[in-house]
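Trainee: got a predicted model here, sequence first, then my questions.
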Amino acid sequence: MAKITSIYSVHPSVAFVTNWRESLKEQSGRSLGAWLTLVKTSGPPGEKERIAWLKQEHRLGTNSAVWIAQRASGKDADMDSPEAYLKAAEKYVNSMFRGPYSPLRPLYDELLRVGLSLGEDVKACPCKTMVPLYRNHVFAQIKPATRTRVDLGFALGARKREGRLIETGGYEKKDRITHRIGIESLDQIDAEVKRWLQVAYDEDAE
């Protein structure tokens with residue numbers, strides 16, 4: 001298979017799912033393909049019911065039951081290989097910034113450029129509703145918030161509100177993203193925004 005060239009990096013979850021899939025037969029007695037066949041031929045019709053059936057009747061753990069049921073419903077195969085994920089990553093971003101959200105795309109592109117310029121170890125790994133930026137952990141994320149605003153989130157711990165920096169309540173909930181700045185125009189991607197991105201990146205060093 002030809003190597004896919006992308007501005008994005010493979011999401012860390014892909015390696016976890018790959019390891020799960022490769023060890024599934026040894027751990028459970030069936031390969032993923034065999035589980036999918038069993039679910040489709042002998043399991044209940046609904047995804048929730050299939051999860052419960054896999055856990056109760058076949059003693060699978062929650063992650064295995066959920067992932068098998070999702071794949072039996074045609075979902076989440078995007079996480080099954082690096083190649084599949086990178087193809088999906090472009091689609092995730094295009095979907096986030098289409099239609100009424102398309103005017104936000106230049107803001108996203110510039111924020112992504114600034115984030116990736118912080119260091120060669122920065123990785124952008126799109127999800128369906130946001131684009132996290134990783135160093136050792138997620139240190140920032142880009143997310144369309146409204147039709148006129150992109151939120152740039154930061155992992156900044158217990159800091160208080162300062163300037164345009166707003167607390168999200170994430171620190172109290174033990175979320176990675178604890179603060180955000182709303183951005184509605186390119187000129188708002190200014191020195192303040194870049195400084196907080198740099199701080200969040202620096203604080204995620206080993």
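Mentor: Now that the structure is in, tell me what you want to look at.
Trainee: export stretch 139-148 as CSV, just CAs?
Mentor: The C-alpha coordinates for stretch 139-148 follow below in CSV (Å, rounded to 0.1, in the frame of the first residue of the first chain):
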residue,chain,number,x,y,z
PHE,A,139,-1.8,20.8,24.8
ALA,A,140,-4.3,22.6,22.6
GLN,A,141,-7.3,22.0,20.4
ILE,A,142,-9.1,23.8,17.6
LYS,A,143,-12.8,23.5,17.4
PRO,A,144,-15.6,25.3,15.5
ALA,A,145,-17.8,26.7,18.2
THR,A,146,-20.4,28.7,16.3
ARG,A,147,-20.8,29.8,12.7
THR,A,148,-18.7,32.8,13.4
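Trainee: please spell out which residues along it are buried.
Mentor: Residues of stretch 139-148 classed as buried: Phe139, Ala140, Gln141, Ile142, Lys143, Pro144, Ala145 (neighbour count, 16 or more other C-beta atoms under 10 Å). C-beta: built from backbone N, CA, C; applies to glycine.
Trainee: then stretch 21-34?
Mentor: Buried, per 16+ other C-beta under 10 Å, within stretch 21-34: Arg21, Leu24, Ser28, Arg30, Leu32.
Trainee: taking the residues you listed one by one, which sit in helices?
Mentor: Arg21, Leu24, Ser28, Leu32 (DSSP state H).
Trainee: quick check: closest non-adjacent residue to the first one.
Mentor: Which is Arg21. Once flanking residues are discounted, Arg21 sits nearest to Leu32: 5.4 Å by C-beta to C-beta, 6 or more residues apart in numbering.
Trainee: got the contact list for that neighbour?
Mentor: Neighbour list for Leu32: Arg21, Leu24, Ile68, Arg71 [criterion: C-beta atoms under 8 Å, 6 or more residues apart in numbering].
Trainee: columns distance to Pro82 on top of those, output as JSON lines?
Mentor: As requested, the contacts of Leu32 are exported to JSON lines (distance: C-beta to C-beta, whole Å):
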{"residue": "Arg21", "distance to Pro82": "13"}
{"residue": "Leu24", "distance to Pro82": "18"}
{"residue": "Ile68", "distance to Pro82": "21"}
{"residue": "Arg71", "distance to Pro82": "17"}
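Trainee: any low-confidence regions in this protein?
Mentor: 1-4, 206 (pLDDT under 70).
Trainee: give the pairing partners of the longest strand anywhere in the chain; include direction for each.
Mentor: Longest strand in the chain by number of residues (criterion: DSSP state E): strand 138-146. Strand pairing for strand 138-146, using DSSP bridges, gives strand 131-134 (antiparallel), strand 149-154 (antiparallel).
Trainee: the contacts of Leu32: which two are farthest apart?
Mentor: The span of these, defined through C-beta to C-beta, is set by Leu24 and Arg71 at 11.2 Å.
Trainee: ok, back up a step: including mean neighbour count, could the strands paired with strand 138-146 go into a markdown table?
Mentor: Formatted as a markdown table, the strands paired with strand 138-146 follow (neighbours: other C-beta atoms under 10 Å):
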| stretch | mean neighbour count |
| --- | --- |
| strand 131-134 | 23 |
| strand 149-154 | 23 |
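Trainee: fine by me, we can end here.
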